[in-house]
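K.L.:
need a structure here:
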Amino acid sequence: MKTQKECLLVFLTFSFLTAFLLPLAQSQTSSTVVAITPSAITTNVGQTVSVNITISDVNNLYGVDITLDWNPSILMFSAATPSLGVETYPEGVLHTPINLVQNNLTDSGEYRLIATTIAPGAAFYGGGVLAVVTFKVTGSGSSPLTLTSELADYNPQGSEDITHTDQSGSINTGTFTSPTPTGTATPTSTQSSTSPTTTPINTQSSTSPTATPISNPSSPTDIYFLIAATVIVAIVIIVAALLLRKSKHE
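P.N.:
Numbers count the residues shown, from 1 in each chain. This next block holds a predicted model:
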């Protein structure tokens, strides 16, 4: 009878831990997002536009592998500026020292960013700007900004992937339209009267995305998870001790 009670107690303990701790563990990574911001831009041919590659709600981040693809017949790559190392870029991502493995075009329509923190640098928690990518609009139409990424955590025994969601974007463009004359007077053939005046949309100087810092949490969520786990385990141990004590008296 005593053995049966002990087996039942062990089963209840593991069931309790699985029911409460597993959802907490899964919630640590489910909200992590790597995104293009702004997600959609409308502009004109000839303009310069910039987008941020951002990350939010990440825990224990130690390495990133980012790929961005676009339509090269519409967009021409101008520059990419990583914001890696929050000690240098407060709005950025990762801690120094940084190993910048790759930061360049791999094709006419593809950009690749690979970087990792070097031990003993600290793991990164929170969110920020990974890089700012700038394009010159050379054709009309719509170009997707297709984002794919891999995130690696810190683990001395072997790094593992961080579960997350990628959110791509797009840049939609048009062409300059010449104005239609409405009067009978012969228009003076000057540049100022025949060329429409257009207000630049999303130019690099006026609309380059501001790298707004995404504040890192003052206390990483792993700490809360550890506290919750400790409390739950303590409760289970106390209950187990009481049941064992009761079973001895029986």
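K.L.:
can you give me the helices in this structure?
P.N.:
2-26, 191-194, 204-207, 221-249 (DSSP state H).
K.L.:
got any ranges where the protein has weak pLDDT?
P.N.:
Residue ranges of the chain with pLDDT under 70: 1-30, 175-226, 228-229, 231, 246-250.
K.L.:
Which stretches in it count as strands?
P.N.:
33-37, 40-44, 48-69, 75-82, 98-107, 110-117, 124-137, 141-153, 165-167, 169-174 (DSSP state E).
K.L.:
Please name whichever of those is nearest to L242.
P.N.:
Of all the strands of the chain, strand 48-69 sits nearest to L242, with 35.4 Å by C-beta to C-beta. In short, each C-beta sits where N, CA and C put it, glycine included.
K.L.:
Each with direction, which strands does that closest one pair with?
P.N.:
The strands beside strand 48-69 in its sheet (DSSP bridges) come out as strand 33-37 (antiparallel), strand 110-117 (antiparallel), strand 124-137 (antiparallel), strand 141-153 (antiparallel).
K.L.:
Which of the strands of the chain sits closest to I238?
P.N.:
Of all the strands of the chain, strand 48-69 comes closest under C-beta to C-beta, at 29.7 Å.
K.L.:
Would you quantify the distance from I66 to T138?
P.N.:
Going from I66 to T138 by C-beta to C-beta, to the nearest Å gives 23 Å.
K.L.:
Same list (the strands of the chain) but as JSON lines, adding mean neighbour count.
P.N.:
Formatted as JSON lines, the strands of the chain follow (neighbours: other C-beta atoms under 10 Å):
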{"stretch": "strand 33-37", "mean neighbour count": "20"}
{"stretch": "strand 40-44", "mean neighbour count": "17"}
{"stretch": "strand 48-69", "mean neighbour count": "22"}
{"stretch": "strand 75-82", "mean neighbour count": "17"}
{"stretch": "strand 98-107", "mean neighbour count": "13"}
{"stretch": "strand 110-117", "mean neighbour count": "20"}
{"stretch": "strand 124-137", "mean neighbour count": "22"}
{"stretch": "strand 141-153", "mean neighbour count": "17"}
{"stretch": "strand 165-167", "mean neighbour count": "14"}
{"stretch": "strand 169-174", "mean neighbour count": "19"}
